[in-house]
Structure formats: structure tokens, C-alpha cells
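sequence first, predicted coordinates after that:
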Amino acid sequence: MSQAMPPKPRPEITEDSRPYWDGLRQHRLLLQCCTDCGRLRHYPRPLCDACHSFACDWVEACGAAHVHSWTVAHHAFHPAFRNELPTVLVTADLAEGVRLLAPLQTEAPVTLQLGQRLQVGYWDVDPSLTVPVLRLDENG
């Protein structure tokens, strides 16, 4: 007898992260930029880790990235993800100088290499939630 699949966990959207999640729903990757020192940061958080300012603006990332690291998950961290195994999770260096951790979205198995070019994509989970994914850059 099979068990019903539990719902997938959802991110907790805070006032500090709301512009990030709103941007993803528009298929735009927004990064925080400290208005006092100019440092970009990702993941969204209330405080700049360089100058400790609370002031920030949001800038759109171009979507270009390179493979920094990856792991292949063969065991689901939550039961709702067990039908998506194996999952390749990539830590990518964005062109803007910050890192993004996201699943690799590909049609076929691939062999990744450090420095390989990627492009940020978007997965519309439902009308209220879009999450970033990474795809191999078709231009190499």
C-alpha cells in the first residue's frame, strides 16, 4: 500500500525577502545591494555583512553563472522530493559575484565541470511560487 505524498515545504517569505520572491515570479533574479557600501548579497537578509547597514536596494542579475561546485542527491531530504531523485544541486558563481544554490534542470544526464557555463532559469511551482533553477548554457 502506497502512502500519500506529503506536500513540499515552502519557503518562508519575510519582509526582507519579499522583493526576491516577487522578482522570481516575474522571472527576474533580484539581488540585494547595500546602499551604503555597494556590496551585493545573496541570499536576502536584513543586514549587510560588509558594513552592517540595514539600507539596501534591489538590482537584477543578468542570469549568467559558472559551476562552482555540485552534489548529486540520491536520498530525499524530505519525502515529497523522493520522486525527483537523483537531483543535482549546483552552487553557481553568478556574474555579479555572489553564489546561488539551485537544482540543475536538464533533460538528460550530464557531466558537469568546474567553471562550466550556466544560465539561471525559473520553475513556476504554482501561481504564487517560482524558484530559481540552473540550466546548462547552450553557448558553451
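Happy to help now that I have it.

mind listing residues that contact stretch 26-35?
When contacts are defined by Cβ atoms under 8 Å, 6 or more residues apart in numbering, stretch 26-35 is touched by residues 19-20, 23-24, 39-42, 44-45, 48, 50-51, 53, 55-61, 63, 94, 96, 98, 100, 120, 122, 130, 132. Where C-beta positions appear, they are placed from N, C-alpha and C, glycine not excepted.

kindly report the same for stretch 84-96.
Outside stretch 84-96, the residues that touch it by Cβ under 8 Å, 6+ apart are 29, 31, 40, 42, 59, 61-62, 64-76, 81, 99-104, 106, 110, 112, 118, 120, 134.

which stretches of the chain form strands?
30-34, 40-41, 56-60, 64-73, 87-94, 99-103, 117-126, 129-136 (DSSP state E).

which strands border the third one, and is each parallel or antiparallel?
Paired neighbours of strand 56-60 in the sheet (DSSP bridges): strand 30-34 (antiparallel).

I'd like the average pLDDT over the partner strand.
Averaged across strand 30-34, the pLDDT comes to 98.

is Ala102 bridged to anything, and to what?
Beta-bridge pairing for Ala102 (DSSP bridges): Val90.

which parts of the chain belong to which domain?
For the chain, automatic domain parsing gives the domain ranges 12-60, 62-140.

for the shortest one, how far is the first residue from the last?
Read that as domain 12-60. Using Cα to Cα, to the nearest Å, one end of domain 12-60 lies 22 Å from the other.

please shift the residue numbers so they start at 5 in all later answers.
Done: numbering now begins at 5, and the last item shifts to domain 16-64.

state the mean pLDDT of stretch 60-69.
In this model, stretch 60-69 carries a mean pLDDT of 98.

go through that stretch and flag the buried ones.
When neighbours are counted by 16 or more other Cβ atoms under 10 Å, the buried residues of stretch 60-69 are found to be 60, 65, 67, 69.

run a quick neighbour tally on the nearest residue to the second one once chain neighbours are set aside.
The shortest distance from Ala65 to any residue that is not its chain neighbour, by Cβ to Cβ, 6 or more residues apart in numbering, is 4.2 Å, and that residue is Leu33. Burial measure for Leu33: 23 neighbouring residues, criterion other Cβ atoms under 10 Å.
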